[in-house]
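Enquirer: Predicted model and sequence follow; I will ask about them next.
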Protein chains: 2
Amino acid sequence: MRMSEGVEWAAHCCLLLDWMGEDRPVSTTRLAAGFELPPPYLNKQLQALVKAGIATSTPGARGGFRLARPLEKITMMDIVAAIEGPEDAFQCTEIRRRGAGTESPASAFEGRCSVSTAMRKAELAWRKALAEQTLADVRAGAERASPRLPQLIRAWYARH
Amino acid sequence: MRMSEGVEWAAHCCLLLDWMGEDRPVSTTRLAAGFELPPPYLNKQLQALVKAGIATSTPGARGGFRLARPLEKITMMDIVAAIEGPEDAFQCTEIRRRGAGTESPASAFEGRCSVSTAMRKAELAWRKALAEQTLADVRAGAERASPRLPQLIRAWYARH
DNA sequence: GTAGAAATACTCGGATAGGGCGTGTCCGAGTCCAGTGGG
DNA sequence: CCCACTGGACTCGGACACGCCCTATCCGAGTATTTCTAC
């Protein structure tokens, strides 16, 4: 079970957009340069953010991407859901009904499968932990480790 | 991010082994029949359980698989780790060091990446929730929905 | 000099190939059981 | 009658194809800018 690396890219790009603090939209090319990523593929991830309402895109010349709302209102859950999709990692195929379970009364299958219930419980804990962390929290953590980071990034982009 | 369906198979097979309550080891063929699964592929999942120490295998004629310990001592975390492997779903590739981050002092990268930290926090919550649920709990849930399940299963296997 | 329109350059958006991992299958090594022949 | 041996059948274990999703890429639709021309 491996998570798409697009999640990492999306989270970092949101932070980067905030640190750059530009009024005009930022193009995929410039964002990709900031992490040495392949621009066309990064574009695909950014489109997912737009569809999820996390970012907005303006087409045409001088176009690009902008954050739809401040980092305080974007959770890690939003990022993961935007890239990975809303469906659960564990998908119950109801094998309990097959084979030896065929003779059980229909009432036995009214509730959710107990294995599925256990997995869902854990997955809800995961989602809850993701939803409790905003990108603003993540930004604070990064700036605690490197307070001059915003200035360094703006300086770097002034030359690129 | 989709979890392997082998996890579902493994969990149900452990429950089935317990409900069957046989002294002799149970062969892959009989277990597969209980859920209408392809025997060779199920065998592969069972081997993973053996490697993880959850089940024991006895080769040769009249051989098969047995639970290595009671369900009370097998957690959902054990099952997932046995099938999916121990590595985390989110793997940090340290893109913060590339591009605009190249000019940051080395001290900025001593700690873990803040995005990675946030993801790890959620993943630990997931693992904790999995570790807190034993297969005995799952069995209790299933028997609450269908108290006659153990008898039905044993009766079915008596005829197969 | 100014306004309008066309040409241009640039960017997003979706449609299109390639690679890695999960899914599914097969055959060989090892073991137990049963039958048989000899003592 | 008992025991040892041999043949056979059965089961685990690892090695081998297939298919799908993630990764990576490209080209077309659309828009702001710029430039040129006409008034």
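Expert: Received, thanks.
Enquirer: Which residue is most remote from the mean position of chain A?
Expert: residue A:103 (43.8 Å; Cα atoms, centre = their mean).
Enquirer: Now do the contacts for the residue positioned nearest the centre of chain A.
Expert: Nearest to the mean C-alpha position of chain A, by Cα atoms, centre = their mean, lies residue A:79 at 1.9 Å. Going by Cβ atoms under 8 Å, 6 or more residues apart in numbering or on different chains, residue A:79 touches A:7, A:10-11, A:14, A:49, A:54, A:135. Every C-beta, even on glycine, is put in place using the N, C-alpha and C of the backbone.
Enquirer: Do I have it right that residue A:132 meets residue A:75?
Expert: Yes: using Cβ atoms under 8 Å, residue A:132 makes contact with residue A:75 at a distance of 7.5 Å.
Enquirer: ok, the two, which is more surrounded?
Expert: residue A:75 (22 against 15; other Cβ atoms under 10 Å in any protein chain shown).
Enquirer: isn't the more buried one right up against residue A:137?
Expert: No: using Cβ under 8 Å, residue A:75 is not in contact with residue A:137; the gap is 9.1 Å.
Enquirer: Surely residue A:56 is in a helix?
Expert: No: Residue A:56 is assigned strand when assessed by DSSP: H, G, I helix; E, B strand; the rest coil, not a helix.
Enquirer: so how far is residue B:74 from it?
Expert: For residue A:56, the distance to residue B:74 equals 49 Å [Cβ to Cβ, to the nearest Å].
Enquirer: Quick check on the two: which one has the bigger neighbour count.
Expert: For residue A:56 and residue B:74, the more surrounded residue by other Cβ under 10 Å is residue B:74, and the numbers stand at 26 against 14.
Enquirer: residues touching the more buried one, list them.
Expert: Per Cβ under 8 Å, 6+ apart, neighbours of residue B:74: B:14, B:54, B:67, B:134-136.
Enquirer: What degree of burial does the closest residue to residue A:39 other than its chain neighbours show, as a neighbour count?
Expert: Closest residue to residue A:39 apart from its sequence neighbours, by Cβ to Cβ, 6 or more residues apart in numbering or on different chains: residue A:32 at 4.0 Å. Applying other Cβ under 10 Å, we find 20 residues neighbouring residue A:32.
Enquirer: tally of neighbours for residue A:124?
Expert: Neighbour number of residue A:124 under other Cβ under 10 Å is 14.
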